[in-house]
Structures are given as C-alpha cells and as structure tokens.
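In: sharing a model that was predicted from the sequence below.
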Amino acid sequence: MINIKSDREIDLMKQAGHLNYLTHEEIKKHLKVGITTKELDQLAHDFIIKNGGVPSCLGYDGFPASICISINDEVVHGIPSNRKIKNGDIVSIDFTVRLNGYESDAARTYIIGNVPNEIKDLVKNTEQALYEGLKEVRPGARIGDISNAIETFAHKHGLSVVEELVGHGIGSDMHESPDIPNFGARGTGPILKEGMVLAIEPMLNLGGKEVCMLEDDWTIVTTDESPSAHFEHTVAVIKDGYVILTGE
Ligand code: MF3
Ligand code: CO
Ligand code: CO
C-alpha cells in the first residue's frame with residue numbers, strides 16, 4: 001500500500017526536508033581536502049540536533065553514524081572514519097533527517113579539486129539523471145516512467161545503472177512503498193497519485209553496473225572499482241507535477 005499524505009503532512013515533511021537541505025549546505029562549507037569523514041559526520045550530527053531534528057541514519061539497522069559518506073568507487077552507505085578527503089576524490093553524502101515525526105532523504109556528490117573530464121561528466125550526468133526522473137512525476141504517471149527516464153539518460157551518456165539499490169516512498173518511515181528502481185519500462189509499476197512522497201535516487205557508475213558489499217557489512221562498492229555517483233531528492237506528487245521537499 002502506498003501512503004497518501006495530506007497537505008498538512010506534506011507541509012511538515014517540507015520542514016524536515018528543509019533542515020536536510022540546510023545540513024547539506026553546512027557540510028558543503030566544511031568539505032575540503034584534509035578533513036576526515038568522521039569530522040563531517042560529527043558536524044552534521046550536531047547541526048541536525050541543534051536545529052531540533054533527529055539524525056535518523058544513526059542506529060538505523062545498526063548504522064554507526066549520522067550520515068553516509070561514499071568516496072570514488074564506493075556507491076552508497078560508506079561509514080565515516082579517520083579517512084581524509086583528498087584532491088581528486090568524488091564524495092557522495094547521503095542522509096536522512098527526521099523532524100515533526102517525518103523523514104527526509106537527500107544525497108549529493110561533490111568533486112574535490114581536479115578530476116578527469118569523464119568523472120566530471122559522471123557527476124554532472126548523475127545529477128541530471130535525477131532531474132530527468134523528476135520530470136516524469138505527476139498524478140497518473142507510473143513508477144516505470146521515472147525508472148525508464150533515468151535509465152535511458154544514463155545509457156545515452158555511457159553510464160551504467162546500479163540495480164540492487166532503489167529509490168522509495170518516504171514518510172513517517174524512512175523506507176516506504178513503492179520501490180523506485182533506476183531502470184525499467186515505461187507504463188509499468190504503480191500509478192502516481194497526488195499526496196505520494198517519493199525519494200528518487202539514481203546511483204550511476206562509470207564502469208560496469210555490478211556492485212558488492214565490503215566486509216564492514218555496509219559499504220557498497222563497484223566490483224570493477226570504477227567511480228560511482230549518487231543524487232537524491234525527496235519530492236511530493238502534487239496536482240500539476242511535483243515539489244522538491246529537500247530544497248531551499
Ligand atoms: N539515505 C539512504 C537512502 O537513500 C538510507 C541510508 S541507510 C542508513 O535510502 F543506514 F544509513 F540509514
Ligand atoms: Co538517501
Ligand atoms: Co533514499
């Protein structure tokens with residue numbers, strides 16, 4: 001069953017999403033060569049709490065930090081550590097913030113210093129793939145329309161699509177129905193309705209689509225060690241399309 005949220009609930013979720021946005025902006029200010037991923041995690045944790053939110057990744061299924069930081073060939077769910085950010089890294093930051101009893105979920109990938117053009121394109125095109133998916137969001141459209149738009153755009157730009165991890169509905173729970181794969185056929189899957197809230201999140205690789213999990217039981221990496229990028233927004237389906245909840 002796909003949850004329909006009232007206007008009031010969507011307004012509360014927008015407040016949660018805005019705090020998620022502000023936290024991303026705070027992290028961005030400190031994301032420089034030499035800072036450790038643990039330091040970034042700590043400042044995000046403190047910022048969320050200071051603003052009345054809950055860093056809801058912390059403890060989720062036993063996840064040991066407030067934000068996921070995934071570098072280069074790490075796709076998602078990287079655990080903050082004493083690893084220092086260095087020139088040439090691409091750094092994906094993904095986390096949820098809980099406020100007013102509702103979750104918000106957003107991810108961005110940053111380029112640190114100088115990277116080859118093909119990696120710049122990977123990051124730019126993964127962000128654009130998210131927007132290609134979002135363009136499909138309106139009442140009456142199908143989940144498969146979003147999936148297909150992302151997949152088509154990724155393949156057009158020579159990128160592969162991670163299949164094991166998917167976007168999702170979101171509300172008082174971080175992960176609600178439906179699943180939103182980043183590949184699939186148009187005209188298939190659940191029909192979108194006004195009041196649904198979705199977290200759409202393409203994860204695209206420069207090399208092959210295969211991924212595996214590290215021994216920490218969390219970090220997902222590309223099997224061929226090629227770089228991977230990830231962008232995510234939480235959006236509500238509204239009368240004439242969608243509204244991004246994890247924005248300004
Ligand atoms: N933010 C992730 C998602 O996009 C989930 C994070 S898993 C956690 O669905 F354990 F870190 F919470
Ligand atoms: Co996320
Ligand atoms: Co998500």
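Out: Happy to help now that I have it. Ligands and ions are numbered 1, 2, ... in the order given.

In: could you point out the longest helix of the protein?
Out: In the chain, with assignment by DSSP state H, the single longest helix is helix 7-30.

In: counting contacts, what elements does the next helix or strand after that helix pack onto?
Out: Next along the chain after helix 7-30, taking DSSP states H and E as the criterion, comes helix 37-50. Contacts defined by 3 or more C-beta pairs under 8 Å, 6 or more residues apart in numbering; DSSP states H and E place helix 37-50 against helix 7-30, strand 68-71, strand 90-99. Placement of C-beta: from N, CA and C, glycine included.

In: try it again at 6 Å.
Out: Other helices and strands packing on helix 37-50, by 3 or more C-beta pairs under 6 Å, 6 or more residues apart in numbering; DSSP states H and E, are helix 7-30.

In: could you give the average pLDDT over the helix it packs on?
Out: The pLDDT scores in helix 7-30 average 98.

In: got it, and stretch 143-154?
Out: If you average the pLDDT over stretch 143-154, you get 99.

In: give me the contact list for that stretch.
Out: The contact list for stretch 143-154 (C-beta atoms under 6 Å, 6 or more residues apart in numbering) reads 129, 132-133, 136, 161, 178, 180-186, 188-190, 202, 204.

In: buried ones among those?
Out: Neighbour counting by 16 or more other C-beta atoms under 10 Å classes 129, 132-133, 136, 161, 178, 180-184, 189, 202, 204 among the contacts of stretch 143-154 as buried.

In: could you list the contact residues of this protein toward ligand 2?
Out: Applying C-beta under 5 Å from the ion, we find that the chain lies next to ligand 2 at 94, 105, 107, 232.
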